[in-house]
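1. After the sequence you'll find the predicted model.
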Amino acid sequence: MTQAAESVEAPISRAARKDETQARILAASMELFATRGYEGTSISAIASRAQISRGAVFWHFGSKAALFKEACKRFFIPFWREIERSLESLPARERVLALFDMYEEFTSANRETIQALVRWVLESPTMRESLRGELLSLHAMFTNDLRQALSELSGDPGEAEVATVALSSILAGNLLFAVIDPGLAQERGRRE
């Protein structure tokens, strides 16, 4: 192998190793945060679960708070991408239904992690502040898309605003009730 080929290959493998290590740290941290909570999760436990040194966790993320924030941010990426995907080609009614389906699919597929996030937000002012920006941005994206589609349907921006607030409140309420009162019968009724 030539020296030029080695110099190109080395950074790529370093970058791949870095990405793989960060992914292991993030997976381990989310699993532990979800089961033990923020306060009950130590950097040592995360390092052990990720099979790396404690120092490597700090090297990649700086602090437990920064790791927590990054783990939560990455958890929401699939939902962000789904919301960002262009629904503009759909008629307004179909966009509204697609937004509801997307919300339901994401919350159903990630129920345990969402339960942990809600618990953290309710139990810890520190976690509430840490998650506040991400959650509010995600909510704003969703409600803006919903508001735009409802405005196109009704032709009245004021009516669309009221409907957006009502529908997003119902979704948030259903999600909260799903966390505190899980059960197939209750979930089916809320979904309908």
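-> Received it, and whenever you're ready, just let me know what you need. Numbering: from 1, shown residues only.

2. so the residue nearest the centre of the chain, which of the three states?
-> Of all residues in the chain, the one closest to the mean position by C-alpha atoms, centre = their mean is Phe76, 2.1 Å from it. In three-state terms, and counting by DSSP: H, G, I helix; E, B strand; the rest coil, Phe76 is helix.

3. Against Thr41, how distant is it?
-> Using C-beta to C-beta, to the nearest Å, one obtains 19 Å as the distance from Phe76 to Thr41. For the C-beta atoms, the positions are set from N, CA and C on the backbone; glycine is no exception.

4. contacting residues for the residue nearest to the centre of the chain?
-> 134, 138 (C-beta atoms under 8 Å, 6 or more residues apart in numbering).

5. quick one: it and Lys69, what's the gap?
-> As it turns out, when the distance is counted by C-beta to C-beta, Phe76 lies 11 Å from Lys69.

6. which neighbours do those two share?
-> Counting by C-beta under 8 Å, 6+ apart, the residues touching both Phe76 and Lys69 are Glu134.

7. SS state for the spatially closest residue to Met127 that is not a sequence neighbour?
-> Taking C-beta to C-beta, 6 or more residues apart in numbering as the measure, Met127 lies nearest to Trp120, with 4.0 Å between them; neighbours along the chain are not counted. Using three-state DSSP as the criterion, the local structure at Trp120 reads helix.

8. in this structure, what spans have low per-residue confidence?
-> Regions of the chain meeting the criterion pLDDT under 70 cover residues 1-12, 80, 82-86, 88, 182-192.

9. again, only using 80
-> Across the chain, the ranges flagged by pLDDT under 80 are 1-12, 34-35, 37-38, 72-89, 107-135, 138, 174-192.

10. ok, longest helix in it?
-> Longest helix in the chain by number of residues (criterion: DSSP state H): helix 3-36.

11. After that helix, which helix or strand is next? Please name it.
-> Next helix or strand after helix 3-36 toward the C-terminus (DSSP states H and E): helix 43-50.

12. just to revisit the earlier point, surely the residue nearest to Met127 meets Tyr38?
-> Yes. Taking contact to mean C-beta atoms under 8 Å, the distance of 6.0 Å between Trp120 and Tyr38 places them in contact.

13. Overlap in contacts, those two.
-> Common neighbours of Trp120 and Tyr38 (C-beta under 8 Å, 6+ apart) are Met127.

14. The closest residue to Val118 other than its chain neighbours: which element?
-> Excluding its sequence neighbours, the residue lying closest to Val118 (C-beta to C-beta, 6+ apart) is Val179, at 4.9 Å. Following DSSP H and E, the helix or strand that holds Val179 is helix 157-180.

15. residues contacting the closest residue to Ile25 other than its chain neighbours?
-> Distances taken as C-beta to C-beta, 6+ apart place Ala50 nearest to Ile25, at 4.8 Å, with adjacent residues excluded. Ala50 is in contact with 21, 24-25, 27-29, 57, counting by C-beta under 8 Å, 6+ apart.
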